[in-house]
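K.L.:
Pasting a predicted model and its sequence here:
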Amino acid sequence: MSVVILVSILLTVLVWAAFLQRNRRKNEPPLDRGFIPWLGHALEFGRDAAAFLTRMKAKHGDVFTVQVAGRFVTVLLDPFSYDHVVWESSNKLDFGKYAKILMERMFDVTLPDFDPAVEKAMLRSHLQNQNLPSLTRTMFRNLSTILNDGSMSATTWQEDGLFNFTYGVMLRAGYLTLFGSESVQLSAPGRDLQHSLHVYREFRKFDQLLMKSARGILSAAEKKEAALLKENLWQLLDANTLRRRANRSSWLEAYQHHLEELKVPRDMQSRAMLLQLWATQGNAGPAAFWLLLFLLKHPEAMAAIEGELKMMLQKVKGLEEIGQSELESATIFNSVLEESLRLTAAPFITREVLTDLPLRLVDGTEYLLRRGDRLCLFPYVSPQMDQEIHPEPQVFRYNRFLNADGTEKREFYKKGRRVKHFTMPWGAGANVCMGRFHAITSSIKLFVWLLILNFEFELKNPAEGIPDFDRSRYGFGVLQPDGDVQFRYRRRSHPGRL
Ligand SMILES: *[C@@H]1O[C@H](CO)[C@@H](O)[C@H](O)[C@H]1NC(C)=O
Ligand SMILES: *[C@@H]1O[C@H](CO)[C@@H](O)[C@H](O)[C@H]1NC(C)=O
Ligand SMILES: *[C@@H]1O[C@H](CO)[C@@H](O)[C@H](O)[C@H]1NC(C)=O
């Protein structure tokens, strides 16, 4: 009897599955459902997206559709076609819908009338152009204060993890620069230093749970921990307290004003502050870490960077006098940064397909995108790791983005055709990262130069290899190492000189 029931249940399931089964329609990209019903490729995708998508690319080519936890995701890996996607209008390929889902899942943030275009415009007007010089000055002062505090002011050797050290200094200085400082103690920075350290410590613990919470796979214990950390951080970033801080960036003022206008309740405003802390500070620290690690591993790159810095300092008295345009024109530094981002920045560019849409590839083939699917570009696989565009893509070459005459190199080819997007760490088109100028010029460059000028530093075990990536982070910006690298540093006895 029970066998009969079992068999009939099994049959029902099979019939139901066949009924739900999606088939490839004419002109649609190759479909790969995987072996596990509904779940499809979700596990492999989450475990190591780069390896999985590279394997699928070898099997299907530059465009294919995979099943991932009930969703169908069309993946596009042809850099020549990216422009169609990143500039397509948002009523065909929508960016905001998926961003909303993640905001809620990771940060418990729901905003009425959330419009990513408005937030973007705000970042554009406050973190670029005429605001850059003042952001740079503030960042310089805050970096200097932090790098001169506590054990960092000692002239004896100190030890720390390079990732922890770099992320800590960058996040704290970036936070003080954008979110302001305590108004009561303008001349004594002690409270800012304590407060920002507190923010960093809590944020790091929270950051370590973020990927799992984005995928909705936190265990019960982790869920509890994440909830507790969020409570702490919301308190630290309390919207009312922030409003009373001095020297807030004009971006923060405008953003808080915007939330008020949307009549967002105060507790939700604090949650939005945590989201903004992550969005503005989550990538610069890890990016600076990789850059420093590559410099420490490649003495010729370090020498080139030091040479360039020396040249610049011949014209001015100190780093604080270097103007914005000289800062931006440090071509060797720019190439080193571009190269380390090429190797370590791996965001997805994601769109919801709102209407059946043709997609034409550069070779002329036309595919049909199906309404309701998700479209995903992964520039890390191509162009960044594409050996046709960048020979020996796994190798760090500090001058990969320099011409023989020392100018910036912008010409790269694939199949004899010039590639416009030869590296895309900041995304592109309508959702390019708005903080990139602030992140590059003010933050990473100043930090690395300050470190070089004021400290001696070296790896503790120079023979140790570059750590592997934390592979769960593919898709979310600059990668993090799966373990830290120990290093030593001490303040120079004559800082400020090379
Ligand atoms: C950060 O910079 C601002 C603006 O220059 C300054 O008011 C504040 O005191 C600085 N904070 C620290 C800790 O140096
Ligand atoms: C990590 O960095 C923070 C902030 O700089 C520091 O307080 C802490 O001691 C460091 N942790 C380790 C394990 O080195
Ligand atoms: C920081 O704020 C204080 C007090 O509001 C003000 O006197 C000072 O000029 C500000 N500093 C900068 C660099 O804006």
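P.N.:
Ah, there it is. Numbers count the residues shown, from 1 in each chain. Ligands and ions are numbered 1, 2, ... in the order given.

K.L.:
ok, residue 402 to ligand 2 distance?
P.N.:
34 Å (C-beta to the nearest ligand atom, to the nearest Å). The way it works is simple: take the backbone N, C-alpha and C, and place the C-beta from them, glycine included.

K.L.:
For that residue, the count of nearby residues, please.
P.N.:
Counted with other C-beta atoms under 10 Å, residues neighbouring residue 402 total 20.

K.L.:
what's across from it in the sheet?
P.N.:
Using DSSP bridges, the bridge partners assigned to residue 402 are residue 408.

K.L.:
Please tell me how far residue 259 sits from residue 242.
P.N.:
Applying C-beta to C-beta, to the nearest Å, the value for residue 259 to residue 242 is 11 Å.

K.L.:
Could you name every residue contacting both of these two?
P.N.:
Common contacts of residue 259 and residue 242 (C-beta atoms under 8 Å, 6 or more residues apart in numbering): none found.

K.L.:
And ligand 3, is the helix or strand encompassing residue 202 touching that?
P.N.:
Per DSSP states H and E: residue 202 is located in helix 190-215. No - counting by C-beta under 6 Å from any ligand atom, ligand 3 is not contacted by helix 190-215; separation bottoms out at 11.8 Å.

K.L.:
Please point out which parts of that helix sit buried.
P.N.:
Applying a neighbour-count criterion of 16 or more other C-beta atoms under 10 Å, one finds 192-193, 195-197, 199-200, 202-204, 206-207, 209-215 buried in helix 190-215.

K.L.:
closest point of the stretch 251-400 of the chain to ligand 3, which residue?
P.N.:
Using C-beta to the nearest ligand atom, residue 253 is the residue of the stretch 251-400 of the chain that sits closest to ligand 3, at 12.3 Å.

K.L.:
Could you grab the helix/strand/coil label for that residue?
P.N.:
helix (DSSP: H, G, I helix; E, B strand; the rest coil).

K.L.:
so how far is residue 179 from it?
P.N.:
Residue 253 sits 11 Å away from residue 179, going by C-beta to C-beta.

K.L.:
secondary structure class for residue 176?
P.N.:
helix.

K.L.:
The closest residue to it other than its chain neighbours sits in which helix or strand?
P.N.:
Excluding its sequence neighbours, the residue lying closest to residue 176 (C-beta to C-beta, 6 or more residues apart in numbering) is residue 142, at 4.5 Å. Using DSSP H and E, residue 142 sits within helix 132-146.

K.L.:
Can you name every helix or strand that that helix contacts?
P.N.:
helix 162-179, helix 190-215, helix 324-328, helix 446-454 (3 or more C-beta pairs under 8 Å, 6 or more residues apart in numbering; DSSP states H and E).

K.L.:
Considering those, which stretch scores lowest in mean pLDDT?
P.N.:
Mean pLDDT across those is lowest at helix 324-328; the value there is a mean of 84.

K.L.:
Alpha carbons of it, as CSV, please.
P.N.:
Extracted C-alpha coordinates of helix 324-328, given in CSV (Å, rounded to 0.1, in the frame of the first residue of the first chain):
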residue,chain,number,x,y,z
GLN,A,324,44.0,68.1,-6.8
SER,A,325,45.1,68.1,-10.4
GLU,A,326,48.7,66.9,-9.6
LEU,A,327,47.1,64.3,-7.4
GLU,A,328,45.0,63.1,-10.3
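
K.L.:
list the buried ones in it?
P.N.:
Quick answer for helix 324-328 (16+ other C-beta under 10 Å): 324, 327, 328.

K.L.:
of all those residues, which comes closest to ligand 1?
P.N.:
Checking these against ligand 1 with C-beta to the nearest ligand atom, the nearest one is residue 324 at 16.0 Å.

K.L.:
Would you confirm that that closest one contacts residue 130?
P.N.:
No - if you go by C-beta atoms under 8 Å, residue 324 and residue 130 don't touch, sitting 10.0 Å apart.

K.L.:
Nearest residue to residue 255 in space, please, no chain neighbours.
P.N.:
residue 122 (6.1 Å).
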